[in-house]
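*Asks:* sequence and predicted structure are below.
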Amino acid sequence: MQNNHLKNLSGLLLATFFISTSGVLGRYIKLPVEIIIWFRAFLAMFFIYGFCKYKKIDLTIKSSKDYKPFLIGGVLMAVHWITYFYALKLANVALGVLSLYTFPIIIALLEPFFLKIKFNPIYILFGFMVLTGLYILTPELDIESAQVKGILFGIFSAFCYALRILIMKQHVANYNGSMLMFYQTVIISILLLPTLFFMDLSGLESQFPYILLLAILTTAVGHSLMLHSLKFFSASTASIISSLQPIFGIILTFFFLKEIPNWNTFWGGSLILLTVVFESLRSKK
């Protein structure tokens, strides 16, 4: 029994680590963001399709009323990925990933409007903690600053991701997670296909191995492992463990890109992650 728990925990940690590679890869790949995201979605689509076929996961959309949330979810996922990668390019991996990690609190604040549950005043405190963390993260309150723009892109990315999760939960929660991910990669591939005809593709050959890593390791394997791990852990436990994503991302960036976070990043990021852990523990109770 103990061995099974250790195996399942290792799988969840490995999934968290693989997903966290998006930060360093997004910062490192020297191509237009929209091109990176198109290849990420297009290549991941085939691997997720193969996984669904191997696991005999039904890919049928069972009702015509589900087409709209599928489409909206795919559009929001595309905007989330694009704005997150812009955050990484404009600021740095630490600021980009930490600003993105405001999404659990955004979900908590928006949930009553989508799922008709009672609003808990504790989220006002959590929201204040996150805003304080973001204020500490921000190097200077200058909208022209690349780092401030990066943080704003990261927050908007978090908002789109939170909306996508809530819409999926409200309308299509009965579908398999891998099946949902497959259709979202299809939608993203179609939406961004025109970018191949008017954006700069020079350097694609040298950058392709890293795009392949992003599509397979980060997107297909990382997300599939995460979905598999949810069979053995509560959503709250998975949320707490996934709080390691920014930490893994910052460590990887230090080793591969030599980016060293400053003390503001450390304190502001700690406050944001602490808020996420508090909410995960509170919701578990």
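*Replies:* All right, it came through fine. Numbers count the residues shown, from 1 in each chain.

*Asks:* distance of the residue lying closest to Phe208 once chain neighbours are set aside relative to Pro32?
*Replies:* Excluding the flanking residues, the one nearest Phe208 by CB to CB, 6 or more residues apart in numbering is Phe39, at 7.9 Å. C-beta here means a position set from N, CA and C on the backbone, and glycine is covered the same way. To Pro32, Phe39 is 11 Å away according to CB to CB, to the nearest Å.

*Asks:* cool, Val130 as well?
*Replies:* With distances taken as CB to CB, Val130 is found 31 Å from Pro32.

*Asks:* compare the two and say which is more crowded by neighbours.
*Replies:* Taking other CB atoms under 10 Å, Val130 and Pro32 do not tie; Val130 has more neighbours (27 against 15).

*Asks:* for that one, what is the enclosing helix or strand?
*Replies:* Applying DSSP states H and E as the criterion places Val130 in helix 122-137.

*Asks:* for that helix, buried residues please.
*Replies:* Neighbour-count burial for helix 122-137, counted by 16 or more other CB atoms under 10 Å, picks out Tyr123, Phe126, Gly127, Met129, Val130, Gly133, Leu134, Ile136, Leu137.

*Asks:* by contact count, what packs against the one helix or strand the residue nearest to Phe208 maps to?
*Replies:* Here Phe39 sits within helix 33-54, counting by DSSP H and E. Under the contact criterion of 3 or more CB pairs under 8 Å, 6 or more residues apart in numbering; DSSP states H and E, helix 33-54 touches helix 67-90, helix 177-192, helix 195-198, helix 204-213.

*Asks:* which ones are touching the residue lying closest to Leu90 once chain neighbours are set aside?
*Replies:* Spatially, and ignoring its direct neighbours in sequence, Leu90 is nearest to Gly150 (3.5 Å; CB to CB, 6+ apart). Neighbour list for Gly150: Tyr86, Ala87, Leu88, Lys89, Leu90, Ala91, Asn92, Leu95, Gly96, Ser99 [criterion: CB atoms under 8 Å, 6 or more residues apart in numbering].

*Asks:* state the distance from Gly150 to Ala220.
*Replies:* As judged by CB to CB, Gly150 and Ala220 stand 27 Å apart.

*Asks:* now the element after the worst-scoring helix or strand of the chain on mean pLDDT, going C-ward?
*Replies:* In the chain, no helix or strand scores lower on mean pLDDT, DSSP states H and E than helix 235-242, which sits at a mean of 69. Next helix or strand after helix 235-242 toward the C-terminus (DSSP H and E): helix 244-257.

*Asks:* buried sites along that next one?
*Replies:* Leu244, Gln245, Pro246, Ile247, Phe248, Gly249, Ile250, Leu252, Thr253.

*Asks:* now do stretch 17-32
*Replies:* Quick answer for stretch 17-32 (16+ other CB under 10 Å): 17-29, 31.

*Asks:* stretch 188-197 too?
*Replies:* Ile188, Ser189, Leu191, Leu192.

*Asks:* okay, the buried residues of stretch 17-32 in a markdown table with secondary structure and pLDDT next?
*Replies:* Output for these, formatted as a markdown table (DSSP: H, G, I helix; E, B strand; the rest coil; pLDDT from 0 to 100):
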| residue | secondary structure | pLDDT |
| --- | --- | --- |
| Phe17 | helix | 93 |
| Phe18 | helix | 93 |
| Ile19 | helix | 91 |
| Ser20 | helix | 92 |
| Thr21 | helix | 94 |
| Ser22 | helix | 93 |
| Gly23 | helix | 92 |
| Val24 | helix | 93 |
| Leu25 | helix | 95 |
| Gly26 | helix | 93 |
| Arg27 | helix | 93 |
| Tyr28 | helix | 93 |
| Ile29 | coil | 95 |
| Leu31 | coil | 94 |
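
*Asks:* just the closest of those to Leu115, please.
*Replies:* Nearest to Leu115 among the buried residues of stretch 17-32: Ile19, at 25.0 Å, using CB to CB.
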